[in-house]
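[1] quick check, what structure comes out for this input:
(one chain, ligands or ions: 2)
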Amino acid sequence: MSSPQPAAAGPGPDQPAGAGLEATRDALEAAGYLADDSAALVSHLAQQLGKPVLVEGPAGVGKTELAKALSRATGRELIRLQCYEGLDEAKALYEWNYRKQLLRIQAEAGAGPEEDAAGDAVMEDIFGEEFLLTRPLLAAIASEAPVVLLIDEIDKTDQEFEAMLLEVLSDFQISIPELGVVEAASMPLVLLTSNNSRELTEALKRRCLYLWLDYPSVEREVEIVRLHVPDLDAELALRLVEVVGMVRELDLKKPPSIAESIDWARALLLLGADQIDSETFNRTMSIIVKHRTDLDLVAERVGMRLPAAGRGSSNGGGAA
Ligand SMILES: Nc1ncnc2c1ncn2[C@@H]1O[C@H](COP(=O)(O)OP(=O)(O)OP(=O)(O)O)[C@@H](O)[C@H]1O
Ligand SMILES: [Mg+2]
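    Ligands and ions are numbered 1, 2, ... in the order given. The predicted model follows:
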């Protein structure tokens, strides 16, 4: 089969190589996503090569948001398949609307005795598109306009599901026995995310570009926090990110992610805090630390080292 071409155009003849990459990064930024070099590059290549992207990394580092931002940046509709244990084809691809089919059969039966041919026509009829319930994968394949398809948390499904997905991702078509083959009308931009709860198959990885998203650098995280909470004072944002960094260095069950940094920034702004002293920290640390045992460790190793209330932030994190 001739597969549809990637929707994005390559760089023009007089465009320097790399200009498209910068354009992708700028478009993501305009859509509210600050991409680092590797995220910008992979997003750019995925559009040019028409390959799916597998995004892995710890919780809350912006895996899902990247897909949403790409949808906003490209103006493509976002179709999302949220994965969970036990997810099957009926919820991912399509299923027949049995209720509607039954009603149709009953309506025909009630219309009075007819010849057999009419019965056959009904059987053909009830396996038409009108009776099909479209699920995210089929919707993405069948869409006339190119979409962004987000297959979120693929590691929650089993290997059987992954195998089914492979077929869809390599052929960009879905065969429905009663209807025939539905071929992709346009090339979706596909992002799969995983939290690494299980190792994905080599076969899946081979078909995808790979992006590892980690906790960002201090500078980038400050930018991200200020993008989401623009009213927060710049110095306080920097201090917040530094303290979160100190917390991440501890051996915790669940280190705070970017999502927690943003929540904490919002809370500090609401509380009118102008510095992060030990009192403020102890009052609000449950926003960034969410395990009982982690709380004790963080209070002892970070809370105690912050300056006491009223002593200003200039004596920094090293004060006892
Ligand atoms: N580079 C970024 N630019 C702007 N916002 C970001 C960026 N990275 C993360 N965020 C913000 O951080 C929050 C968490 O991101 P997201 O939900 O995408 O994380 P995730 O990696 O999908 O987490 P999980 O594994 O728990 O699903 C979101 O509010 C998102 O807007
Ligand atoms: Mg997510």
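[2] in the helix or strand Arg220 falls within, what counts as buried?
    Here Arg220, judged by DSSP states H and E, is contained in helix 218-228. Judged by neighbour count (16 or more other C-beta atoms under 10 Å), helix 218-228 contains these buried residues: 221-226, 228. All C-beta atoms are positioned from the backbone trio N, CA, C, and that covers glycine.
[3] Serialize these to a markdown table and add fields for pLDDT and distance to Ala145.
    Output for those, formatted as a markdown table (pLDDT from 0 to 100; distance: C-beta to C-beta, whole Å):
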| residue | pLDDT | distance to Ala145 |
| --- | --- | --- |
| Glu221 | 98 | 35 |
| Val222 | 98 | 37 |
| Glu223 | 97 | 32 |
| Ile224 | 98 | 30 |
| Val225 | 98 | 35 |
| Arg226 | 97 | 34 |
| His228 | 97 | 30 |
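[4] export those to TSV and append columns for distance to ligand 1.
    As requested, the buried residues of helix 218-228 are arranged in TSV below (distance: C-beta to the nearest ligand atom, whole Å):
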residue	distance to ligand 1
Glu221	9
Val222	12
Glu223	8
Ile224	5
Val225	9
Arg226	10
His228	6
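[5] show me the contacts for the closest residue to ligand 1 within the stretch 1-150 of the chain.
    The stretch 1-150 of the chain approaches ligand 1 most closely through Gly62 (2.5 Å), counting by C-beta to the nearest ligand atom. By C-beta atoms under 8 Å, 6 or more residues apart in numbering, the contact list for Gly62 reads 33, 39, 213, 224, 258.
[6] and the first one, that one's in a helix?
    No: when DSSP: H, G, I helix; E, B strand; the rest coil is applied, Tyr33 is found to be coil, with no helix at that position.
[7] how many neighbours does it have?
    Counted with other C-beta atoms under 10 Å, the neighbours of Tyr33 add up to 23.
[8] for it, report the pLDDT, please.
    We have a pLDDT of 97 for Tyr33.
[9] so who does the closest residue to it other than its chain neighbours touch?
    Distances taken as C-beta to C-beta, 6 or more residues apart in numbering put Ala69 closest to Tyr33, at 3.4 Å, once the chain neighbours are dropped. Contacts for Ala69 were tallied using C-beta under 8 Å, 6+ apart; they are 28, 31-33.
[10] from the buried residues of helix 218-228, which is closest to Glu160?
    Glu160 lies nearest to Ile224 out of the buried residues of helix 218-228, by C-beta to C-beta, at 37.4 Å.
[11] list the residues that contact the closest one.
    34, 62, 216, 258, 261-262.
[12] contacts for stretch 40-54?
    Applying C-beta under 8 Å, 6+ apart, the contact partners of stretch 40-54 are 3, 5-8, 10, 20-21, 24-25, 28, 35, 66, 70, 74, 154, 169, 187, 189-194, 200, 204-205, 207-211.
[13] quick one, which of the residues you listed are buried?
    Among the contacts of stretch 40-54, those buried by neighbour count (16+ other C-beta under 10 Å) are 6-8, 20-21, 24-25, 28, 35, 66, 70, 74, 154, 169, 187, 189-194, 200, 204, 207-209, 211.
[14] in helices, which of those appear?
    20-21, 24-25, 28, 66, 70, 74, 169, 204, 207 (DSSP state H).
[15] now do the strands in the chain.
    Here the chain has its strands, by DSSP state E, at 53-56, 78-82, 94-96, 132-134, 148-152, 173-176, 180-183, 189-194, 209-212.
[16] that's all I had, so thanks and see you.
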